[in-house]
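1. Kindly return the folded structure for what I paste below:
(2 chains, ligands or ions: 3)
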Amino acid sequence: MLTYLIRRLILVLPVALGVSIICFLLVQIAPGDPLTAIMPVDATAEEQDAMRAAYGLDKPLPVQYAIWIGNLIQGDMGRSIATGRPVAGEVFGAVKNSLLLAVSAAVIAFPIGTALGFLAGYFRDTWVDRAVTAVSIAGVSVPNYWLGIVLVIIFSVNLSWLPSMGAGPGGSQDWSWDWLHMRHLVLPAVTLAVVPIGIVARTVRALAGDILNQDFVDALYAKGMSRFDVLRHVARNAAATALSVMGLQLGYLLGGSILIETVFNWPGSGFLLSNAIFQRDLPLLQGTILVLALFFVAMNLIVDVVQAAIDPRIQRT
Amino acid sequence: MTKLVDIQNLNVCFKGKRTVHALNDVSLAMEQGETLALLGESGSGKSVTLKTLLGLLPPKRTQIDGKIAVNGIDVMSLRGKALQRYRGGEVSMVFQEPALALDPVYTVGHQIAEAVMRHKGVNKAEAMSTALDMLDRVRIPSANRRLHTYPHELSGGMRQRVMIALALACRPRLLLADEPTTALDATVQIQILLLLRELQKEFGMGVIFVTHDIGVAVEISERIAVMYAGQIIEEGTTREIIRDARHPYTRGLLAANLHDVARGERLNAIPGAPPALEVRPESCPFAPRCPVAMAECRAALPPVFHPSDRRRVACLRAAEPIAAE
Ligand SMILES: Nc1ncnc2c1ncn2[C@@H]1O[C@H](COP(=O)(O)OP(=O)(O)OP(=O)(O)O)[C@@H](O)[C@H]1O
Ligand code: SF4
Ligand SMILES: [Mg+2]
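-> Residues are numbered from 1 along each chain as shown, chains lettered A, B, ... in the order given. Ligands and ions are numbered 1, 2, ... in the order given. Model (predicted):
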């Protein structure tokens, strides 16, 4: 198991390098000159060149990449062109907020999705199954920004129970675990949880249904096991696949919440990303995409390792 | 002494998309420690008989009538804890595909120990030592190491040995073996058969051995019951069946195997196919394939003829001298 872990960790390095190259190039390919966004319209050619040199944008691409990577390893992601603040601080602040939102959504979605999926799989082809299937299809297909807006109208506008904007009172950026802050989390987290509830429920239903149809379930009953014991066996059989789906869902939740963060004005990575795009803030864009992509790579690694750890059928060497 | 098995007029019908009358008036009795082969071609109801004995059929889609007593226990009235004690404790089962009948994500030792803990109320360590002892008894080499392996790390023959160890770990009075050698290579088949025969003597339990292979049936059992279309159409000692089969179906099976007494032959040597069981047979179900059928055979179910004690044949012409054929 340890050698497997080490091997997987070593294998991640080239992937991470590839991801960084793609992040770097992607932004280069994007149309538009980042300087036009921040320079006065009447700037002279000399002034533009000076600015370009200041950001190192006059050097050839490989050199730019090497400098970027070199700084990156030292924790320096450059400065935002729009605000002049260090990119690293902006990105990590935003990713922390997004992670908070994503994990909260996951904490809501995964147990509910698992429970619903198990029920549907166990009571396959009954009304329970049909109800769960309807819920999960609805969850996956309802556009979640629309749902977010509906929830805001009900709970913020009409009932005034929960706030609809930001991550804390008065747009505060400092998170703390008190109700004053946490109430800001409720609506976006619930909205974000709806899709993964559907996906997890569908996955677990299929897994549980398939496993319950296997011969060993009969064999378990035949040796005197109770219904509860059988469900324990089913859960253990489904665990590896279910966990890997959940791990990837967490990755999507982190990177895919741009719309939700916009609807709720949540100061997360999606929010930052859309700002960076509209302001053509190259360093900020690169930094945000890179951190999100690396998070995805890390998530994949964790999923693989956990899967290998709990499923004996997976080759661990 | 109470009979080990006493099945009376058992009827099993599956409702659902398709109705299947899987068992039609099956009666069967076994004494303690007897070995019975249940012989018949695919779809004749062998597995359904075993599953009914363990109460394993899906209750919602299955209609079951009749009486089943095992060791005097009324099986169909068992529920909850009592049913769990009965399954695996009184009666246990070895399945056709050991690869599918073991849970892939638990070690074989754990799977045996789990049953031992349930039935003997011992702790995990004691249960594991019982499991080890059982692996030794089914002659698995270096059992100590095998205890902690997963099913997919074992060969088919080894897996079936594990399955047998699991089934016998709680010393059941009756072992149900559903074609336990069909999925295995020929040489391994013989080893498993020999093992089962030895263990049967050692443990003294009764065995119902399901097979479609008359050679295997002869090898393993004292008595043979032949099934066709969800009925037992002939029953007797192995000797009686070989020497003096009365039912044309049994005789057909034997004839097909005479020139090739070795095992491995499928029971497809009789032309034609068994009836679909969408409706309950009202006349002799073998009539369409029977070389000596008469008009009366198609009019009503043939009467059961008892040539001697515990011997029966469900055929109109069973009493005729055999030369008539
Ligand atoms: N759970 C079920 N639901 C519906 N029909 C079933 C079910 N189990 C068995 N049957 C039907 O009952 C009949 C008898 O099946 P059974 O499995 O007992 O045959 P078998 O003698 O064991 O044959 P084989 O040699 O193929 O195992 C078949 O027609 C089968 O399709
Ligand atoms: S009852 Fe008639 S049809 Fe059926 S097996 Fe006997 S002879 Fe053949
Ligand atoms: Mg069968």
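
2. Relative to the whole chain's centre, how far out is stretch B:154-169?
-> 17 Å (Cα atoms, centre = their mean, to the nearest Å).

3. Next: stretch B:36-48.
-> On Cα atoms, centre = their mean, the centre of stretch B:36-48 falls 7 Å from the chain's centre.

4. Just the terminal-to-terminal distance for it.
-> End-to-end distance for stretch B:36-48, by Cα to Cα, to the nearest Å: 16 Å.

5. for that stretch, what is the average pLDDT?
-> The average pLDDT within stretch B:36-48 is 94.

6. ok, now stretch B:196-214?
-> 93.

7. And residue B:174, its phi and psi?
-> phi -140, psi 130 (degrees, to the nearest 10).

8. I'd guessed it sits against residue B:204; true?
-> No: assessed by Cβ atoms under 8 Å, residue B:174 is found out of contact with residue B:204, at 11.2 Å. To be clear about C-beta, it is placed using only N, CA and C from the backbone, and glycine gets the same treatment.

9. and the two? which has more neighbours close in?
-> Higher neighbour count among residue B:174 and residue B:204: residue B:174, with 22 against 11, using other Cβ atoms under 10 Å in any protein chain shown.

10. Now whatever residue of chain A ends up closest to ligand 1: closest residue in space that isn't a chain neighbour?
-> Nearest to ligand 1, among the residues of chain A, is residue A:218, at 10.2 Å (Cβ to the nearest ligand atom). In space, and not counting its chain neighbours, residue A:218 is closest to residue B:56: 5.7 Å by Cβ to Cβ, 6 or more residues apart in numbering or on different chains.

11. where does the one you found land in three-state SS?
-> coil (DSSP: H, G, I helix; E, B strand; the rest coil).

12. how near is it to ligand 1?
-> As judged by Cβ to the nearest ligand atom, to the nearest Å, residue B:56 and ligand 1 stand 9 Å apart.

13. Tell me the buried residues in stretch A:175-191?
-> A:175, A:181, A:184, A:185, A:186, A:187, A:188, A:189, A:190, A:191 (16 or more other Cβ atoms under 10 Å in any protein chain shown).

14. Near chain B, list only the ones from those residues.
-> By Cβ under 8 Å from any Cβ of the partner chain, no member of the buried residues of stretch A:175-191 lies near chain B.

15. Just the residues you listed: which are in helices?
-> A:181, A:184, A:185, A:186, A:187, A:188, A:189, A:190, A:191 (DSSP state H).

16. Closest one of the residues you listed to ligand 2?
-> residue A:190 (69.6 Å).

17. okay, that closest one: pLDDT?
-> pLDDT, read off for residue A:190, is 92.

18. ok, and the closest non-adjacent residue to it?
-> Residue A:190's closest residue in space is residue A:108 (Cβ to Cβ, 6+ apart), at 6.5 Å.

19. repeat for residue A:129
-> Using Cβ to Cβ, 6+ apart, the nearest residue to residue A:129 is residue A:120, at 4.4 Å.

20. how distant is the helix or strand harbouring that neighbour from the center of its chain?
-> Using DSSP states H and E, residue A:120 maps to helix A:87-122. Taking Cα atoms, centre = their mean, the mean C-alpha location of helix A:87-122 is offset from the chain mean by 8 Å.

21. repeat for stretch A:194-209
-> For stretch A:194-209, the distance to the chain centre is 18 Å (Cα atoms, centre = their mean).

22. quick one: is that stretch near chain B?
-> No: judged by Cβ under 8 Å from any Cβ, stretch A:194-209 and chain B are separated, with a smallest distance of 12.5 Å.

23. Could you double-check that the residue nearest to residue A:129 lies in contact with residue A:201?
-> Yes: contact status for residue A:120 versus residue A:201: in contact at 6.9 Å, counting by Cβ under 8 Å.

24. Figure out the helix or strand that the residue nearest the centre of chain B lives in.
-> By Cα atoms, centre = their mean, chain B has its centre lying nearest to residue B:210, at 3.2 Å. Residue B:210 belongs to strand B:206-211 when assigned by DSSP H and E.
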